[in-house]
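In: Sharing a model that was predicted from the sequence below.
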Amino acid sequence: MPGNRGEDDGRGSGDDTLTLRERTPDSPWAAFARLMEGNEPMTSGTPLIVVLGHQRCGAVKAAYKALKEGKPLPGNLRSIAEALRPAYAVVSKEKHADPVDAMVRVHIEQTSADLRSNADLAPLVKKGDLAVVSAYCSLDTGRVEVLTGAPSA
Ligand SMILES: [Zn+2]
């Protein structure tokens, strides 16, 4: 049902049934949402996927604490902690001045590596038609640091 809630981003109505793609047709986020909706396979010409993590992530911090203490998080935070378990496994074996920050970085790298080795995406990455880049955003400086996967050219 169409409706306008007074939220106008300059791109059309505030219809809450619109998909993310329709709300912001030009944004990278819209492209990603489209992929996730399954309307188009990730193999349909997307040239770049950026897995971007950020400094002082509250979700990673909560997951780190939960995994360290062996206490499950409530509700849907539990799935976040589970998704971060592989990164925790790496970080907990090493000594880090800031283990949460290390876990952010490891998780970004693991996620991008998973995408790069995905059965559908790996051939595109190999051909150079798709880059999967992991990047870390510093909230202190606003800078984005590319960690892995930058195309060499
Ligand atoms: Zn975060």
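Out: Sure, I can see it.

In: CA atoms for contacts and neighbours, from now on please.
Out: Will do.

In: Pass me the low-pLDDT residue ranges in the chain, would you?
Out: For the chain, the stretches flagged by pLDDT under 70 are 1-43, 153.

In: just the strands in it please.
Out: 48-54, 131-137, 144-148 (DSSP state E).

In: Deepest-packed of these, please.
Out: Of all these, strand 131-137 has the most neighbours on average by mean count of other CA atoms under 10 Å, namely a mean of 22.

In: what's the offset of it from the middle of its chain?
Out: Strand 131-137 sits 9 Å away from the centroid of its parent chain (CA atoms, centre = their mean, to the nearest Å).

In: For that strand, which outside residues touch it?
Out: Contacts with strand 131-137, where a contact means CA atoms under 8 Å, 6 or more residues apart in numbering, come from 47-55, 105, 108-109, 112-113, 115-116, 125, 143-151.

In: 6 Å instead?
Out: In this structure, residues lying in contact with strand 131-137 by CA atoms under 6 Å, 6 or more residues apart in numbering are 48-54, 108-109, 112, 125, 143-150.

In: List the neighbouring strands of that strand plus their orientation.
Out: When sheet partners are counted by DSSP bridges, strand 131-137 sits next to strand 48-54 (parallel), strand 144-148 (antiparallel).

In: Now tabulate these in TSV and tack on distance to P72.
Out: What follows is the strands paired with strand 131-137, written out as TSV (distance: least, CA to CA, whole Å):
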stretch	distance to P72
strand 48-54	23
strand 144-148	30
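
In: quick one on the thing from earlier: out of the strands of the chain, nearest to Y64?
Out: Comparing the strands of the chain against Y64 with CA to CA, the closest turns out to be strand 48-54 (14.9 Å).

In: Counting residues, name the longest helix you see in the chain.
Out: Once the chain is assigned using DSSP state H, the helix that runs over the most residues is helix 99-116.

In: Can you give me the buried ones in it?
Out: Under the neighbour-count criterion of 16 or more other CA atoms under 10 Å, helix 99-116 has 99-113, 115-116 buried.

In: what angle sits between it and strand 131-137?
Out: Between helix 99-116 and strand 131-137, the angle comes out at 170 degrees (axes from the mean of the first three to the mean of the last three CA atoms, to 10 degrees).
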